[in-house]
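[1] with the sequence up front, the predicted model follows.
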Amino acid sequence: MSGVDFQPTGEQRDLRAGVRDLLAGRYGREALRASVEAGVAVDRRLWRELGGAGFFALRLPEADGGVGLGLPEAVLVFEEAGRALLPGPLVATFLAAGVVPGAAAGTAVVTAFDLDGPLVAHLAEADAVLGAPALPEGEPVRSVDPLTPLHRVARPGRAGPYRDEGALLTAALQLGSALRTLELAVAHARRREQFGQPIGAFQAVKHLCAGMLVRAEVARTAVYAAALTGDGAEIAAAKLLADEAAVQGARDCLQVYGGMGFTWEADVHLHLKRAWVRAEQWRTAAQAEELLAADLLGADG
Amino acid sequence: MSGVDFQPTGEQRDLRAGVRDLLAGRYGREALRASVEAGVAVDRRLWRELGGAGFFALRLPEADGGVGLGLPEAVLVFEEAGRALLPGPLVATFLAAGVVPGAAAGTAVVTAFDLDGPLVAHLAEADAVLGAPALPEGEPVRSVDPLTPLHRVARPGRAGPYRDEGALLTAALQLGSALRTLELAVAHARRREQFGQPIGAFQAVKHLCAGMLVRAEVARTAVYAAALTGDGAEIAAAKLLADEAAVQGARDCLQVYGGMGFTWEADVHLHLKRAWVRAEQWRTAAQAEELLAADLLGADG
Amino acid sequence: MDLTYTDEEQEFRARLREWLAKELPALPPRPSPDDWPGRRAYDAGWQRRLYEAGYAGLHWPLDAGGRGATPTQHLIFLEETERAGAPYVGANFVGLLHAGPTIAAEGTAAQRARWLPPVLRGDEMWCQGFSEPDAGSDLASLRTRAVRDGDDYVVSGSKIWTSHAEVADWCELLVRTDPGAPKHRGITWLAMPMDAPGITVRPLRTLAGSAEFAEVFLDEVRVPVENRVGAENDGWRVTMVTLSFERGTAFVGEVVACRRTLALLARAAKENGRWDDPVLRRTLGRLHGELGALWRLTQWNVSESQRSGGVPGTGGSVFKLAYSHARQELYDAAAQVLGAGSLALDEEWVLDRLSSLSYTIAAGTSQIQRNIVAERVLGLPKGR
Amino acid sequence: MDLTYTDEEQEFRARLREWLAKELPALPPRPSPDDWPGRRAYDAGWQRRLYEAGYAGLHWPLDAGGRGATPTQHLIFLEETERAGAPYVGANFVGLLHAGPTIAAEGTAAQRARWLPPVLRGDEMWCQGFSEPDAGSDLASLRTRAVRDGDDYVVSGSKIWTSHAEVADWCELLVRTDPGAPKHRGITWLAMPMDAPGITVRPLRTLAGSAEFAEVFLDEVRVPVENRVGAENDGWRVTMVTLSFERGTAFVGEVVACRRTLALLARAAKENGRWDDPVLRRTLGRLHGELGALWRLTQWNVSESQRSGGVPGTGGSVFKLAYSHARQELYDAAAQVLGAGSLALDEEWVLDRLSSLSYTIAAGTSQIQRNIVAERVLGLPKGR
């Protein structure tokens, strides 16, 4: 075939499907709810299994024991992790592969200073902080997301050179979450009956779902394109759009679910809370917009 | 009756109904379209008739030949003028009553430096500019609103002490326009059939109309309350909310009208263009928001 | 149009303020959110104080033991108690604001004498059994069955979103007594004693992590026929009539609270430096305007219901649409003020943000409210 | 996934760029918007140049006289011509992009030979007679009647939103030939000569003040049966088939133009000082991200249609929803950059803002597009 072929290749589709199957088997809904109830975000055994499957070493050269793939493959894999609501500092550990011993193999858990301010995620579960000489001391803080434990540290470091790639992979997680809440909303709208018909037959519900799809599809192309070009402005756009697709998608899903969405038992709130966390990581909306504005003016002269 | 009685009194309702009848008879749809086609915003005879009916002298004491009413009555009257899309520098002339000779009687037409920047509305049709010693020279500029001719002047003055009351009365015009586009949208939605039923039976159209009503009703209470208290922050809120109700109301009306709304023959665009003009007059959204922010912080300490 | 209060109202406000200033410091400490018996006792104690001071059932009619206050007095009461930081109505909510008014309007003399005084004194608490898992927005499709057996109804089914079920004495219950009738016509209103055999209460955890609500399962619960208010199969009308007691005051306290929260947010933003960001500052300014307008809309709705003698306008749906949206915007703005700090639950606003997510859903979703507004206010036709 | 162009495509782009650089300075001045004959001549001249250079009907199949280009080549062509500021397709729009492809796909050999070459050469212009005053979103409810009389159809009715009707030679017309059939089944596709007796064209003024469209009134217009493309009563299918020619490229030029406009807006804001307002600056930054993503979505849709061999995905509705919204946001941002200057029509952006108001309406309102997306992509059920 000639020409720009933006669509995933067969191999890429297979990779994505493989990760989806792996996660469905190893971290399905029951495992998710069990970790929520136990309050344990990082399951070391699962982490090592992910490492064994090449999750963290995806981009390392084959010569170094890696899989030898690139950012485009990485975003497809992280999209699936976002869909499954897989917890833990996935992005930081991925970026640490080849840098922090054990990260590539999943024997080490690495977090990052990816939040502005004194909060650090997964600190108590981590063996290292990306780019930091040692693990800082921190006071535990109750987190809005039951699977993202937080600590407050005295002198947080910076995400530094990892910021772009961290933002891109986090955008991929958001994309997966947005696609998942869309699936949940559509399935609920087809099943739930009120006033004698499935609620998905009402335009108000249809149009909420259509809006979710539009945001998710625009975010998807932004994420995939940014992975292909690695351009900083495209990554900022991908983060901005994927954050919105995930946050607003979860809220719209909650609206479609109605009262059921307000319960702890529904997964909707877990998507929303994680989406809130990710929106604050690596690059916030305000930072992305300012970066894009600077690029816009610069691009023009 | 005891207690806060925020509702208009019988006299106030009669006043509003009287103005509505007057304008329906004197500036109905045919007159509106005729002035659009002729490109004449200020009809001196109509202006004098308005003056004779006490439109401009509403707030002057009876001893000075005025009607002796207050801002609450003025906003009801301006609401009707906005509903009828009555053109001309109504607000400036009203504020000039008792200040510029002839304004109260409608024998003088008074405009104002109510736009930020070099543009002045109705300059060629005006006898005076509120608060300015003389009429400035100006170059005509094609205006987006066919009934708000614009000139560009070299050294525009300032609206100065008239800004609050000007903003409030302009908000009342916007409110009337918002209520009118809602009426137009609802009437169209009940009449127009597509797919075998009136389009107003579709939730998508219903919910657009419901949103218009909510914005208009919130704006209405803000405008009436600001007229009663005369508080600067409440006036800013009234302007902000009424601007949005008018602009977004006209756009939603256009969406309900579909292709018909895109034609010159429909009145929708006249409401939208006038709403755009008024949104720039006296106090813009950015100014109103900053003023409200300062009030919020000040109110708290 | 007038926004000034009469001398009588100003005096009412002054006396209330004085009483609150004296009474509030004497209150015991608030119990923790999970301590249901403690919360019941606390709420009962506050209601008892109100009763003794003559503020209980302020808006109830005189012949029901209330004070027959005007809507404006009720508005002042709600405004001042919120401003002063007085306890919320809490476990007395259903008794004072829904079941009680229903019994006052539709009950027999004996029913009024039995049930109303304990509500006013804070001796008995009520909960509400209306919603069901399969009847949310479409409330009238409820399926909990009641079959007459001698002097009892035998009730089976399940209810959801029941607040205070664990500690309530009574439940105002809607049941289906005629399954063959059109859905609005076969419903009956019952007062169910919560200690009757066959009732199981299961706490329902919300996304905020708390068990503010419960599910109530009913397995052949016997409710005496004399506990029926109104005629059999007339329960839908009975329930709707009660809404006329609301008189536009439903959200007074909340709007006051939102405005106070906004002022605190502005101060916090000033302190942490984010006030210097015009995007955030203008967002807060806009919210100040919107919430101010919603306070005026509350006054508008109250004076409308005062004019119409208590019959509710359709202003309630308009208000709820605007308010639930503004409230969610308020807590989104709070998250902007906090930045990444919005992820930590030690900040009260973060929990409030979670709670605010229910506002566009509970008591009629925004979608349902828009239908109501479009069809009943604007006269748009129903779909095929 | 790949965003790099093949060597062949890069060469195609380079040749095209070179040709445009040579050709564009030689063009005559653009006629004024109201000069319809002048515009026709200008558009015809440009099409002739394209024809002579081998770019006419780039995406048409080879056997229809086209160049059989891939969707990507077509995308490059549209991107480069827009970037270079080349003339729009203008009066050739319907011929090149709709009627022509329809005839190519469904016409007889004789029909193809008669109608296609003049379109490619710029000798004949087409207009479109689909919409009717009472058939907007519900296009298939059209009522213009055609009755067979010997070798002719006799057509009466009226059409609306017909661009270039004043100067077109032909009109692709949808008419109802079987009023008794279900609405999609009784429609026929005809090529109507615009000089036939009984046709009245009335310019339709839009809210932008211009007469970009016309109404076309048909009073017993005789159209030869041999001008029918496809079978009688099969016109709906014939028309829909044509959409498969679109291949995701419909908005390429517009997206490129929007991105250029945005860059100009940023520069204007920098010059007038409003760039220093973070609210505006961040709005422009966000639009830069959105329009960039829409450019990528265009490439995505084109490569999808390339894979599927030209069958359109449902990506078109998704794209149109996002794009029409972003375009309106773009011109709202322009108004913010201009401040009160946004009220003066001497600024080109103000007219463009007016035009952008049609984007959520024309070619399927956003409401209709959301229905399509919800039902066809997401599989949600139709309402009762």
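    Structure received. Residues are numbered from 1 along each chain as shown, chains lettered A, B, ... in the order given.
[2] whichever helix or strand residue C:259 is part of and chain D, are they touching?
    Element membership of residue C:259 [criterion: DSSP states H and E] is helix C:252-272. No - Helix C:252-272 stays clear of chain D (CB under 8 Å from any CB of the partner chain), getting no nearer than 14.7 Å. Yep, even glycine has a C-beta here, placed from its N, CA and C like the rest.
[3] distance between that helix and the chain's centre?
    Averaging C-alpha positions (CA atoms, centre = their mean, to the nearest Å) puts helix C:252-272 22 Å from its chain's average.
[4] tell me the buried residues in it?
    Residues of helix C:252-272 classed as buried: C:252-259, C:261-263, C:265-270 (neighbour count, 16 or more other CB atoms under 10 Å in any protein chain shown).
[5] show me which helix runs longest in the chain.
    Here I'm looking at chain A. If you go by DSSP state H, chain A has its longest helix at helix A:163-191.
[6] wrong chain, I was asking about chain C
    Identified as the longest helix of chain C according to DSSP H is helix C:278-307.
[7] domains of chain C?
    When chain C is parsed with automatic domain parsing, its domains come out as C:7-88, C:126-232, C:247-377.
[8] among those, which is the most enclosed?
    domain C:247-377 (a mean of 21; mean count of other CB atoms under 10 Å in any protein chain shown).
[9] does chain A sit close to that domain?
    Yes - Domain C:247-377 lies within reach of chain A by CB under 8 Å from any CB, at C:277, C:279, C:335, C:339-346, C:350, C:354, C:357-358, C:360-362, C:365-367, C:370.
[10] filter the buried residues of helix C:252-272 down to the ones near chain B?
    Residues of these in contact with chain B (CB under 8 Å from any CB): C:262-263, C:266-267, C:270.
[11] ok, now which ones touch residue 186?
    If you meant another chain, say so; for now it's chain A. Neighbour list for residue A:186: A:200, A:209, D:378-380 [criterion: CB atoms under 8 Å, 6 or more residues apart in numbering or on different chains].
[12] you looked at the wrong chain, it should be chain C
    Taking CB under 8 Å, 6+ apart, we find residue C:186 in contact with C:176-180, C:233.
[13] least confident secondary structure element in the chain?
    Going with chain A. Using mean pLDDT, DSSP states H and E, helix A:285-300 stands out as the lowest-scoring helix or strand of chain A, at a mean of 92.
[14] my question was about chain C, not that one.
    Min over SSEs of chain C, mean pLDDT, DSSP H and E: helix C:235-242 (a mean of 88).
[15] now residue A:217. Nearest residue, chain neighbours left out?
    Distances taken as CB to CB, 6 or more residues apart in numbering or on different chains place residue D:318 nearest to residue A:217, at 5.1 Å, with adjacent residues excluded.
[16] now the angle from the helix or strand hosting that neighbour to helix B:285-300?
    Using DSSP H and E, residue D:318 sits in helix D:315-338. In terms of direction (axes from the mean of the first three to the mean of the last three CA atoms, to 10 degrees), helix D:315-338 departs from helix B:285-300 by 70 degrees.
[17] let's see helix D:315-338 as PDB, backbone CA atoms only.
    Output in PDB follows, covering the C-alpha atoms of helix D:315-338 (Å, rounded to 0.1, in the frame of the first residue of the first chain):
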ATOM      1  CA  GLY D 315     -15.300   8.800  10.600                       C
ATOM      2  CA  GLY D 316     -16.900  11.500   8.600                       C
ATOM      3  CA  SER D 317     -19.500  12.300  11.100                       C
ATOM      4  CA  VAL D 318     -17.000  12.200  14.000                       C
ATOM      5  CA  PHE D 319     -14.800  14.500  12.100                       C
ATOM      6  CA  LYS D 320     -17.600  16.900  11.100                       C
ATOM      7  CA  LEU D 321     -18.800  17.200  14.700                       C
ATOM      8  CA  ALA D 322     -15.400  18.100  16.000                       C
ATOM      9  CA  TYR D 323     -14.500  20.300  13.100                       C
ATOM     10  CA  SER D 324     -17.600  22.400  12.900                       C
ATOM     11  CA  HIS D 325     -17.300  23.100  16.600                       C
ATOM     12  CA  ALA D 326     -13.600  23.900  16.400                       C
ATOM     13  CA  ARG D 327     -14.200  26.200  13.500                       C
ATOM     14  CA  GLN D 328     -16.800  28.200  15.400                       C
ATOM     15  CA  GLU D 329     -14.500  28.400  18.400                       C
ATOM     16  CA  LEU D 330     -11.800  29.700  16.100                       C
ATOM     17  CA  TYR D 331     -13.900  32.600  15.000                       C
ATOM     18  CA  ASP D 332     -15.000  33.300  18.500                       C
ATOM     19  CA  ALA D 333     -11.400  33.500  19.400                       C
ATOM     20  CA  ALA D 334     -10.900  35.800  16.500                       C
ATOM     21  CA  ALA D 335     -13.500  38.100  18.000                       C
ATOM     22  CA  GLN D 336     -11.600  38.000  21.300                       C
ATOM     23  CA  VAL D 337      -8.400  39.000  19.500                       C
ATOM     24  CA  LEU D 338     -10.300  41.900  17.800                       C
END
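[18] check which helices and strands it sits against.
    helix A:203-229, helix D:252-272, helix D:278-307, helix D:348-356, helix D:366-372 (3 or more CB pairs under 8 Å, 6 or more residues apart in numbering or on different chains; DSSP states H and E).
[19] residue A:191: which of the ones you listed is closest?
    Of all the helices and strands packed on helix D:315-338, the one in closest proximity to residue A:191, counting by CB to CB, is helix A:203-229 (12.0 Å).
[20] roughly how far is the closest one from the heart of the chain?
    Its chain's C-alpha centre and that of helix A:203-229 lie 15 Å apart, by CA atoms, centre = their mean.
[21] what's the angle between that helix and helix D:278-307?
    80 degrees.
[22] from chain B, how far out is residue A:47?
    Using CB to the nearest CB, to the nearest Å, residue A:47 is found at 47 Å from chain B.
[23] now that residue: closest residue in space, sequence neighbours ignored.
    Spatial nearest neighbour of residue A:47, chain neighbours left out: residue A:106 (4.8 Å); criterion: CB to CB, 6+ apart.
[24] how about that neighbour, what does it touch?
    Residue A:106 makes contact with A:47-52, A:55-56, A:93, according to CB under 8 Å, 6+ apart.
[25] any idea how far chain B is from it?
    49 Å.
[26] so what does that residue have for phi and psi?
    Dihedral pair for residue A:106: phi 80, psi 10, per degrees, to the nearest 10.
[27] same question, residue A:119
    According to degrees, to the nearest 10, residue A:119 has phi -90, psi 140.
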